[in-house]
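Engineer: Test case, fold it:
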Amino acid sequence: MWRRSRVAPSVETMPTAPDLTVLRDTVSLVTGGASGLGAAVVSELASHGAHVVVLDPDAAAARELVGSIQHHGGSAEAVVADVRDADRLAWAVDLASSQGTLFSVVSNAGGWGGLTSHYPDVSPDDWLSVLDLNLVAPMRLLQLARAAVVDGGAVVQVSSSAGIESSPYASPEYAVSKAGVVRLTSAVGAWASPRVSCVVPGWIALPRAQRELAALDPEDRVSAPPLVPVGDVTDEIVRLIVDPSSAGEVVVLDGAGPPHPL
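Structural biologist: Residues are numbered from 1 along each chain as shown. The predicted structure is shown next:
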């Protein structure tokens, strides 16, 4: 899925192509991997020869994805777990590392936690559950990965443009937690191994976003930010995994141009 620019750069400025062969015969763990962006990342990693551990609370979706990958010659297995379950998360990391060389972890699980009302109009238990999903669980996963990922491996965290904007946002608890993921990445950016980096996508062109965009009033739809192609996000995640110089990178994908540093 690696894409070329529409305008070929000169020989002098030609970027070095990422060495995707380093993924072959390694293990990757992807949280929230059964659907949406997570499923796209799982499929991309498997296509380059990685054995992918798909961690997701949706057992049926995870097993369906694993079956599809295996049908097409890839290697994957499902782990049914919620990242907020500390014991289950630790077990999943142990399982992934037992399958071979754990080279990458993609901390993708997240969301609004199913809430229809948000801080400060919900109980602390409700908004804390969103912080647990989007910030505490990624911090816990990163701590586990530090001991399990092979030297030279990588952890890529998925944040959101909600975490770097300064405008009002419908779910303050989500925005705050995603801002924390960005700062967590930069705070541990000096780690040599695992290399920790972060993608900060805008509205990703997944079915849910497309439905929400279509439901907007025409005036709001015109002013809405462009959707970010799914492939652009997966490409950048894979690039961060295999690029040995990616430690501490925080990359924004806003749909208006190429990925760029925060």
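
Engineer: Who are the packing partners of the lengthiest helix in the chain?
Structural biologist: In the chain, assigned by DSSP state H, the helix with the most residues is helix 172-187. When contacts are defined as 3 or more C-beta pairs under 8 Å, 6 or more residues apart in numbering; DSSP states H and E, helix 172-187 sits against helix 124-131, helix 137-148, strand 154-158, strand 195-201, strand 250-253. To be clear about C-beta, it is placed using only N, CA and C from the backbone, and glycine gets the same treatment.

Engineer: Let me know which of these is the nearest to Gly111.
Structural biologist: Closest to Gly111 of those, according to C-beta to C-beta: helix 124-131, at 8.0 Å.

Engineer: if we can go back for a sec, how about CSV for the helices and strands packed on helix 172-187, with mean neighbour count, distance to Ser97 and mean pLDDT added?
Structural biologist: Shown next, in CSV, are those (neighbours: other C-beta atoms under 10 Å; distance: least, C-beta to C-beta, whole Å; pLDDT from 0 to 100):
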stretch, mean neighbour count, distance to Ser97, mean pLDDT
helix 124-131, 16, 27, 96
helix 137-148, 19, 4, 98
strand 154-158, 26, 13, 98
strand 195-201, 26, 17, 98
strand 250-253, 22, 26, 98
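
Engineer: I'd like the ones you listed laid out as CSV, including distance to Ser167.
Structural biologist: Listed next are the helices and strands packed on helix 172-187 as CSV, based on distance: least, C-beta to C-beta, whole Å:
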stretch, distance to Ser167
helix 124-131, 19
helix 137-148, 24
strand 154-158, 21
strand 195-201, 15
strand 250-253, 15
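
Engineer: Spell out the secondary structure type for the closest residue in space to Arg24 that isn't next to it in sequence.
Structural biologist: The shortest distance from Arg24 to any non-neighbouring residue, by C-beta to C-beta, 6 or more residues apart in numbering, is to Gly49 (3.4 Å). Following DSSP: H, G, I helix; E, B strand; the rest coil, the label given to Gly49 is coil.

Engineer: and what of Ala34?
Structural biologist: Under three-state DSSP, the three-state class of Ala34 is coil.

Engineer: wait, doesn't it sit right on Asp58?
Structural biologist: Yes: using C-beta atoms under 8 Å, Ala34 makes contact with Asp58 at a distance of 5.0 Å.

Engineer: quick one: which of the two has more around it?
Structural biologist: More crowded of Ala34 and Asp58, by other C-beta atoms under 10 Å: Ala34, with 25 against 15.

Engineer: Sheet partners, orientation included, of the helix or strand that contains Val53?
Structural biologist: Element membership for Val53 (DSSP states H and E) is strand 51-56. Taking DSSP bridges as the criterion, strand 51-56 forms sheet pairs with strand 27-31 (parallel), strand 75-80 (parallel).

Engineer: can I get those in CSV with mean pLDDT and mean neighbour count?
Structural biologist: Listed next are these as CSV, based on pLDDT from 0 to 100; neighbours: other C-beta atoms under 10 Å:
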stretch, mean pLDDT, mean neighbour count
strand 27-31, 98, 29
strand 75-80, 98, 20
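
Engineer: Now tabulate those strands in a markdown table and tack on distance to Pro201.
Structural biologist: Shown next, in a markdown table, are the strands paired with strand 51-56 (distance: least, C-beta to C-beta, whole Å):
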| stretch | distance to Pro201 |
| --- | --- |
| strand 27-31 | 16 |
| strand 75-80 | 23 |
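
Engineer: what's the closest of these to Ser186?
Structural biologist: Among these, strand 27-31 comes nearest to Ser186, with 20.7 Å by C-beta to C-beta.

Engineer: which other residues reach the closest one?
Structural biologist: Outside strand 27-31, the residues within contact range by C-beta atoms under 8 Å, 6 or more residues apart in numbering are 38, 41-42, 45, 50-56, 83, 92-93, 96-97, 99-109, 137, 141, 145, 241.

Engineer: and the angle from that strand to strand 154-158?
Structural biologist: Per axes from the mean of the first three to the mean of the last three C-alpha atoms, to 10 degrees, the angle that strand 27-31 makes with strand 154-158 is 20 degrees.
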